[in-house]
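Engineer: Need a 3D model of the following:
(2 chains)
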Amino acid sequence: MAAADSRTWFPALALGVSLLKCLFINAYHSTDFEVHRNWLAITHSLPVSRWYHENSSVWTLDYPPLFAWFQWSLSHVAQHFDSNMLRVENLDYVSPGAVLFQRLSVVFTDGVFIYGARECCRCVQEPKEQRDVLSRPSFVLAVLLLWNFGLLVVDHLHFQYNGFLFGVLLLSLAKHLQHRHLQGALLFSILLNLKHIYLYMAPAYGVYLLRSYCFTQDHRDGSVGWRSFRPLRLLALGSIVTSVCALSFGPFIAMGQLPQVLSRLFPFKRGLCHAYWAPNFWSLYNVLDKSLASLGVRLNLLEEAELPRASMTGGLVQEFNHAVLPSVTPSVTLVCSLLSILPALLSLWGGPWGPRGPWGPPAFLRVLLICSLGSFLFGWHVHEKAVLLAILPLSILAVQNREDAGTFLVLTTTGHYSLFPLIFTPAEFPIKVLLMLMFTIYSFTALRKLHSGQGRLLCPLESAYLLGLIAVAITCEVVFPLSPWQQRLPFLPLLVTSVYCSVGVCHSFLRLYVSLLRPQEKPKQL
Amino acid sequence: MQTWSSVSICVLLAVVVRWGVSLNSYSGAGKPPMFGDYEAQRHWQEVTYNLPPQEWYFNTTENDLMYWGLDYPPLTAYHSLICAYVAKSINPEWVELHKSRGYESPKHKLFMRATVLVADLILFIPAVVLYCFYLTDGSSKNKVSILFCFLLYPGLILIDYGHFQYNAVSLGFALWGVLALGLGWDALGSLAFCLALNYKQMELYHALPFFFYLLGKSVQLGLMGRGLFLLGRIASTVLGTFALCWLPFLSDPDHAMQVVRRIFPVARGLFEDKVANTWCSLNALIKFRSILSSDSQVYFSLACTLLAVLPSCVRLMTKPTFWQFKLALANSSLAFFLFSYQVHEKSILLVALPVCLLLNDLPLVAIWFLHASTFSMMPLFLRDGLLVPYVVTSLAFLFFSIYLLSPLEQCSEEQLRLGAYRKLLFFLPKLDLACIVRWKFYISVAAMAGLSFVTVALVPPPHLPDLFPLLVTSTAFLQFLGTFIYFNIVQFSEPPSRKSQKKKKN
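Structural biologist: The predicted structure follows:
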């Protein structure tokens, strides 16, 4: 990379990945393609009052209003490609023009992501000594963000607009790292009104902003100085958040549609787990239940006839009754999620703050990650894609801290592998394998190089676990489909994948907690 | 970062791009009755699987040569046979005699694309990696950059994975030959090249440099001593390889002659379609096809080709170094492309391979040429519905080759080897030749981009339906001709000194 000047590598990386995305235009796309096409049609051809009532397609609008407006603005470009895709009655409409437009819209709105990634790269502290461009933290971070396997697969094969949304998130994080808290809060409240899944992160934002922005002084020992509370700052924050929400939900409140909108946004009628179990705590819980049940049958403690039926199909059935362990309700998952993030929030509030103290943006990022991972692990009806919520922000920490780099390697490898079942078509199989290999090889070698001389990143057990993933992959993706069991137990590979990966995700959650609560090595100031 | 990881990332990326292109359409998709090259390859599988080798090249009741009859040498037929066995085991319908004609399905497409990828992974990509690591100068970073550009050359990717052909096999064998000669394993090199020649007769474009390089080397070693021994070894390797490849057809001389007639169809005319070679480009001015009889067309083009190849081959024989060999490969294949009989637009890939070998030595001209070669095949890509991959891969190649190899910064007169031009143009006032070359590069890239855009966006005037393809081919032809002259002049000027090689920053 002869002329890789410090200024030009970022555009080169961004352009490269954007061109690669364009190659996948004709690749497989999931039903989410139709979902977004339908939303384009709804927002384009119906009045605002009908947006959240329209139900001629099963894929009703279930994102917050700002995202609907985003689709509305896209639809104005879409009509120049193929105006037939904007008709509500054209269900499952696919044409070359529609595909081209939808794919390109994802590629182009990823511009926000590229901008966000660049802002984050600017916040990274460069080491003093002049290093080779390729082993600078900012370069590594740029690759980890821009070339992220999960984002490529979910957005450009499966089809979603996560890149754009994560761009807003990264921008908001970058503003916080630069201590521009009001801008950060504004961006985050916009993000919440684009996709409400980011509510998972809201507790960390709330505590952090309250603690570091609304209180300006700390005691000597770093605990909060209650007297330094600035009501005006709280007011400013509050007015930003409420005005964004008012802008987004206001029209619907005025039309008296708020309950309807909320019922679309939070459908609690779905099951505990998605059809394919996300690699979280509940997948371990289900398997434990399953094994206990079969053990009970074998020891004649349980009658097979009494067991709930269809529970071994690996989750085809949405309503899921556990056989031995108590069944889980939405409120239980809510309590579990809250309990799992509570210690982190408390430590963020009470931790040793100070102008030069170790607490600050890195701790905020860690708590943010714990929040998103905690709700991923214990949440109700979690999608496997939600793991990206933790992977992308963790990249920022991974290039600066050795311990976080280890966590990153465990989490990304398992989290990314757990996305494999998302792309199940044979034609796209090479793409997912190759992209995953590329990203994993890069993240391992680059992070090792970056933190060389500070001891190893992973303990032998973790390395063995990650190597085991290769065996799981070969078994599930190659050997199993050719074996006779494929007919009898078609869901077994999904089950194995999700259970194996959930161990890794749980482990990285614990690792994050350890690095938060035991900051023996001083984290670098951002 | 360790070199192994950057190399593996490069290779993985190259494969992802290849597979990404292969998701698109192929030649003749859904276009009965003749379909395209995809159907041709499938048909050869059908024929080779169901008929005995004695019938492969003959027009029989079971084998209709008018419908994509086999017209490549035996190795292609064997390759088709192997693929056919795999196809049969997956789905017998794919190779059923007669009934499978025009068979198309997503699964079958996946299978066909996979066969291309497998051949590429086995033959071409390893050869490129080894070439970049053993026969390229510079730091390991520089080698990785060269590897990256070499693997991402869009022309080959688009033809093999888009249009559908197995050029990676013949070019891969040829590259193994070059690699072996570069490392001094002459017999192995000639073996690999014979395989290439037996896979695709178009590899003849490269045959003369191989021959003259080995001949020159033998002469240098002394024709009475070790040189003779070397020559004998090579000759026996060549004869042995050919005999093995042609074994099923040797029992009857008539049979072998029929294969040769199939491989070299002289009845097809001087050129077909729109090709960026001399005959097609001059056709607007002189109608060779109506002036000359069919036979004299063959002799005339043969004479022109030999005349064009001669200087570089003579030079190579007197100075059989690897540098001269690479240049002679480029010159000879370009001469064949520009002047020989029955040239296809895809044959430019045979020129692109040796030019890729020169990426490290003459980055600007090599990138320029490679880009022009992809551009020259644009009408074909548009016909196959490969517009998006064409635009994406060409842009990526143009940007990353310029970014990684920084040819525009390394273009002093010395680095571009313009000394001879300076002497030739002594009568002109002192010009900054390097600057002129750079501007010519900018202008030609802009012209190619503009023509690509115009071809896609505008409808040609009704009385000139072929206007845009003709403009495309003649633009490409001018650039090919310029490159041909340039490479010949470089070959006749002094070889690069080690010093100027080292001065290159990496």
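Engineer: So which bits of the stretch 351-500 of chain A are right by chain B?
Structural biologist: A:426-428, A:430-431, A:434-435, A:437-438, A:441-442, A:444-446, A:449 (Cβ under 8 Å from any Cβ of the partner chain). For the C-beta atoms, the positions are set from N, CA and C on the backbone; glycine is no exception.
Engineer: of those residues, buried ones?
Structural biologist: Among these, those classed as buried by neighbour count (16 or more other Cβ atoms under 10 Å in any protein chain shown) are A:427-428, A:430-431, A:434-435, A:437-438, A:441-442, A:444-446, A:449.
Engineer: Of all residues in chain B, which one is nearest the centre?
Structural biologist: With distances taken as Cα atoms, centre = their mean, the residue of chain B nearest its centroid is B:Leu350 (1.9 Å).
Engineer: who are the neighbours in contact with that residue?
Structural biologist: B:Leu171, B:Met202, B:Glu203, B:Tyr205, B:His206, B:Ser333, B:Phe336, B:Phe337 (Cβ atoms under 8 Å, 6 or more residues apart in numbering or on different chains).
Engineer: could you redo those residues as TSV and give each row secondary structure, pLDDT and distance to chain A?
Structural biologist: Converted to TSV, these look like this (DSSP: H, G, I helix; E, B strand; the rest coil; pLDDT from 0 to 100; distance: Cβ to the nearest Cβ, whole Å):
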residue	secondary structure	pLDDT	distance to chain A
B:Leu171	helix	96	22
B:Met202	helix	92	28
B:Glu203	helix	94	29
B:Tyr205	helix	94	30
B:His206	helix	95	30
B:Ser333	helix	95	28
B:Phe336	helix	94	32
B:Phe337	helix	94	29
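Engineer: Most neighbours of all those, which one?
Structural biologist: Among the contacts of B:Leu350, B:Ser333 has the most neighbours (other Cβ atoms under 10 Å in any protein chain shown), with 30 neighbours.
Engineer: how about the nearest residue to that residue, chain neighbours excluded?
Structural biologist: Spatial nearest neighbour of B:Ser333, excluding adjacent residues (Cβ to Cβ, 6 or more residues apart in numbering or on different chains): B:Tyr205 at 4.0 Å.
Engineer: Might one say that that neighbour is in contact with B:Asn331?
Structural biologist: No: checked against Cβ atoms under 8 Å, the pair B:Tyr205 and B:Asn331 is beyond contact range at 10.5 Å.
Engineer: and residue 50, what does it touch?
Structural biologist: Since you didn't name a chain, this refers to chain A. Applying Cβ under 8 Å, 6+ apart to A:Arg50 gives the contacts A:Ile42.
Engineer: That was the other one, I meant chain B.
Structural biologist: B:Glu62, B:Val95, B:Glu96, B:Leu97.
Engineer: go with 7 Å
Structural biologist: Taking Cβ atoms under 7 Å, 6 or more residues apart in numbering or on different chains as the criterion, B:Asn50 is in contact with B:Leu97.
Engineer: Also the one 5 residues further on?
Structural biologist: When contacts are counted by Cβ under 7 Å, 6+ apart, B:Glu55 touches B:Glu62, B:Asn63.
Engineer: Give me the distance between the host helix or strand of it and the centre of its chain.
Structural biologist: If you go by DSSP states H and E, B:Glu55 is part of helix B:53-56. From the chain centre to the centre of helix B:53-56 is a distance of 28 Å (Cα atoms, centre = their mean, to the nearest Å).
Engineer: Then stretch B:232-251?
Structural biologist: Worked out by Cα atoms, centre = their mean, stretch B:232-251 lies 24 Å from the chain centre.
Engineer: so who does the spatially most central residue of chain A touch?
Structural biologist: Residue closest to the average C-alpha location in chain A (Cα atoms, centre = their mean): A:Leu389, at 2.2 Å. With contact taken as Cβ under 7 Å, 6+ apart, A:Leu389 is in contact with A:Tyr200, A:Ser372, A:Phe376.
Engineer: from these, which would you call buried?
Structural biologist: Buried subset of the contacts of A:Leu389 (neighbour count, 16+ other Cβ under 10 Å): A:Tyr200, A:Ser372, A:Phe376.
Engineer: neighbours around the residue in the stretch 101-250 of chain A that chain B sits nearest to, how many?
Structural biologist: As assessed by Cβ to the nearest Cβ, chain B sits closest to A:Leu134 within the stretch 101-250 of chain A, at 5.6 Å. Applying other Cβ under 10 Å, we find 16 residues neighbouring A:Leu134.
Engineer: For the chain, give me the ranges with low pLDDT.
Structural biologist: Reading this off chain A. Within chain A, the stretches with pLDDT under 70 are A:1-7, A:130, A:220-223, A:268-270, A:304-320, A:351-359, A:519-526.
Engineer: ah, no, chain B please
Structural biologist: Scanning chain B with the threshold set as pLDDT under 70 gives B:1, B:496-506.
Engineer: Point out the residues in it that sit beside chain A.
Structural biologist: B:1-2, B:5, B:8-9, B:12-13, B:15-17, B:19-21, B:23-24, B:110, B:141-142, B:145, B:388-389, B:392, B:395-396, B:399-400, B:403-406, B:409, B:505-506 (Cβ under 7 Å from any Cβ of the partner chain).
Engineer: pretty sure B:Leu358 is in contact with B:Lys326, am I right?
Structural biologist: Yes: B:Leu358 lies in contact with B:Lys326 (Cβ atoms under 7 Å); the separation is 6.0 Å.
Engineer: Appreciated, that's everything.
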